[in-house]
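S.K.: A structural model of the following input is requested.
(2 chains)
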Amino acid sequence: MEVPILKQGLYLIASIQAALSDVDLVHLRDALAEKVGKFRARGVIVDVTVLDVMDSFASRTLRDLAHMTRLRGAETVIVGIQPEVAFAMVQLGLTLEGVDTALDLEEGLAFLDKKTKRRTSRG
Amino acid sequence: MGDQKTKKNENRGSGASPAREVPPDDESTVSLLRELVNHLRKNRTQLREEWARRITAAKLLGAMTSEEIFAEATSVYDNYVEVLETGAVEALQAYARDLSERIIPRGVETDEVVGIVLLLRDVLARSLFAKYQTDFQLLNRILDAYEPAANRIANTVAVGFVQERERIIRQQQEAIRELSTPVLQVRERLLILPIIGVIDSQRARQLTEQLLRGIRTNRAKVVVIDITGVAAMDATVANHLVQTVEASRLLGATVIVTGLSPEIAQTLVTIGVDLGKMNTVGDLQGGIEEAERLLGYKVTPFSEVSTQPI
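M.R.: Numbering: from 1, shown residues only, chains lettered A, B, ... in the order given. Down below sits the predicted model:
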């Protein structure tokens, strides 16, 4: 299942629509890493609201994705993790170290606005 | 089930004593019990008084006055005799539950309840000894019929009492649990979660669930967890607290923990919590101030605002 990636101003929004297989996740990661360069995006939002499971592969892929896009000049924020999923992840020790998270799409956009503005104003 | 037991004992009893002609077990038990009941009815006043006297002498039911003891003794006695007569324990169960409900709030302990029922058993047994002392055979058979029934009654009362106690304890636990975990919004996007009392792992779990749900419904960005009211926590619960902090971060909220007691601080250090992840402030006031700073609020006294020219 392909994940649609929408361009919204300086940001790319990947809105996951259904449960993803490992292959789909890897595709998503590579597609985003590529499109960050293509669209000169400054931020990436991955919306995982519909996911009711987040296993170790998924969280590692998301972490890799965040680190990859950062190296290519864009901040990534994961939004919409469900409370139950969050707690299950923490119990499994999958804490998405070094990855920014936000409550939902709106929060994610606000977060990216703040973060990219800070960076541009700094230099 | 009780009847079978009675029968078995009856068999054993008659086998041990060299009885010549033994009528069929059931009938003999029933007739013996009937005789027993008649005896107890006839001597009701005297036996009751004897029992109440011995309860007072044994210093049981200290929380109750002697009139109350006598009144309860009377109704227990009548119930007792009735069960011996009919073999139906349901009425007694209901009575025991009712009695427990009345006396538990007054601080009556399990050993006292068991004690008084056993005393009644003893009093009645002695009166039987006195009555049938001339005919040892008959006494034996009477006791064979009496003992299982009496034990069953003692059992019923004790179990009823303990069950009632457990029910009350469960009820109170429930009440505490419902009372104990408020998630409160103090400002737009700022929640506080004051925790008071002992945290076991079940309550910790419940707290986490409620907090995560609260973050979602209130769209909170910062949460202050105040644990001033928690004296100590074990490593499991401390770990759970850390997990709660991390799970909240995954929902995009920052957690500030305030009011850690020295003991809890030591626990956290002992289990090796990564303090970089934990945002801790000394007290609740400091925590709320820090939260306001994170959210971009600035609280200024009204007098300062009005004196300053804008």
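S.K.: for the closest residue to chain A within the stretch 151-300 of chain B, what are its contacts?
M.R.: Closest approach of the stretch 151-300 of chain B to chain A (Cβ to the nearest Cβ) occurs at B:Leu212, with a separation of 3.4 Å. Using the backbone N, CA and C atoms, a C-beta is placed for each residue, glycine as well. By Cβ atoms under 8 Å, 6 or more residues apart in numbering or on different chains, the residues touching B:Leu212 are A:Pro83, A:Glu84, A:Ala86, A:Phe87, B:Thr244, B:Ala247, B:Ser248, B:Leu251.
S.K.: what pLDDT is listed against it?
M.R.: pLDDT, B:Leu212: 92.
S.K.: and if you look at the one 3 residues further on?
M.R.: The predicted local confidence for B:Ile215 comes out at a pLDDT of 93.
S.K.: burial count for it?
M.R.: 25 (other Cβ atoms under 10 Å in any protein chain shown).
S.K.: ok, B:Glu67 next?
M.R.: Using other Cβ under 10 Å, the number of residues around B:Glu67 comes to 9.
S.K.: count the neighbours of the one residue in chain A that gets nearest to chain B for me.
M.R.: Shortest chain A-to-chain B distance, computed as Cβ to the nearest Cβ: residue-wise this is A:Pro83, at 3.4 Å. When neighbours are counted by other Cβ under 10 Å, A:Pro83 registers 21.
S.K.: likewise B:Tyr297?
M.R.: Burial measure for B:Tyr297: 14 neighbouring residues, criterion other Cβ under 10 Å.
S.K.: mind listing what it touches?
M.R.: Applying Cβ under 8 Å, 6+ apart, we find B:Tyr297 in contact with B:Arg187.
S.K.: run through the chain and note the low-pLDDT ranges.
M.R.: Defaulting to chain A. Under the criterion pLDDT under 70, the flagged ranges of chain A are A:118-123.
S.K.: my question was about chain B, not that one.
M.R.: Confidence mapping of chain B against pLDDT under 70 gives the ranges B:1-27, B:178-180, B:275, B:306-310.
S.K.: quick one, helices of it?
M.R.: Counting by DSSP state H, chain B forms helices over residues B:2-16, B:25-42, B:44-57, B:66-86, B:90-103, B:110-131, B:136-179, B:201-218, B:235-250, B:262-270, B:284-295, B:302-307, given from the N-terminal end onward.
S.K.: distance of the closest residue to the residue of chain A closest to chain B other than its chain neighbours from B:Val257?
M.R.: Nearest residue to A:Pro83, sequence neighbours excluded (Cβ to Cβ, 6 or more residues apart in numbering or on different chains): B:Leu212, at 3.4 Å. Distance from B:Leu212 to B:Val257, counting by Cβ to Cβ, to the nearest Å: 16 Å.
S.K.: same check, this time on B:Ile153
M.R.: From B:Ile153 to B:Val257 the distance is 56 Å (Cβ to Cβ).
S.K.: how about B:Leu128?
M.R.: Between B:Leu128 and B:Val257 the computed distance is 68 Å (Cβ to Cβ).
S.K.: from the rest of the structure, what touches stretch B:75-82?
M.R.: Applying Cβ under 8 Å, 6+ apart, the contact partners of stretch B:75-82 are B:37, B:40-41, B:44, B:47-48, B:51, B:91-92, B:95, B:99, B:116-117, B:120, B:153, B:157.
S.K.: list the buried residues of it.
M.R.: B:Val76, B:Tyr77, B:Asn79, B:Tyr80, B:Val81 (16 or more other Cβ atoms under 10 Å in any protein chain shown).
S.K.: for stretch A:26-45, same thing?
M.R.: For stretch A:26-45, the buried set under the neighbour-count rule, 16+ other Cβ under 10 Å, comprises A:Leu28, A:Arg29, A:Ala31, A:Leu32, A:Ala33, A:Lys35, A:Val36, A:Ala41, A:Arg42, A:Gly43, A:Val44, A:Ile45.
S.K.: could you do stretch A:44-53 as well?
M.R.: Applying a neighbour-count criterion of 16+ other Cβ under 10 Å, the buried positions in stretch A:44-53 are A:Val44, A:Ile45, A:Val46, A:Asp47, A:Val48, A:Leu51.
S.K.: got a list of contacts for stretch B:58-72?
M.R.: Taking Cβ under 8 Å, 6+ apart as the rule, stretch B:58-72 contacts B:48-49, B:52, B:55-56, B:99, B:103, B:106-108, B:112, B:115-116, B:119.
S.K.: how about a cut-off of 7 Å?
M.R.: The set of residues that contact stretch B:58-72 without belonging to it, under Cβ atoms under 7 Å, 6 or more residues apart in numbering or on different chains, is B:Ala52, B:Ile55, B:Thr56, B:Leu99, B:Arg106, B:Gly107, B:Val108, B:Glu112, B:Gly115, B:Ile116, B:Leu119.
S.K.: kindly report the same for stretch B:161-176.
M.R.: Residues contacting stretch B:161-176 (Cβ under 7 Å, 6+ apart): B:Ala96, B:Arg97, B:Ser100, B:Glu101, B:Ile104, B:Thr110, B:Val113.
S.K.: mind listing what's buried in that stretch?
M.R.: For stretch B:161-176, burial by neighbour count (16+ other Cβ under 10 Å) applies to B:Phe161, B:Glu164, B:Arg165.
S.K.: got the contact list for A:Leu12?
M.R.: For A:Leu12, the set of contacting residues under the criterion of Cβ under 7 Å, 6+ apart consists of A:Ile5, A:Leu32, A:Lys35, A:Val36, A:Phe39, A:Ala41, A:Val44.
S.K.: can you tell me which residues in the stretch 101-250 of chain B are near chain A?
M.R.: Within the stretch 101-250 of chain B, the residues that sit near chain A (Cβ under 7 Å from any Cβ of the partner chain) are B:Thr208, B:Leu212, B:Arg213, B:Arg216, B:Arg219, B:Gln243, B:Glu246, B:Ala247, B:Arg249, B:Leu250.
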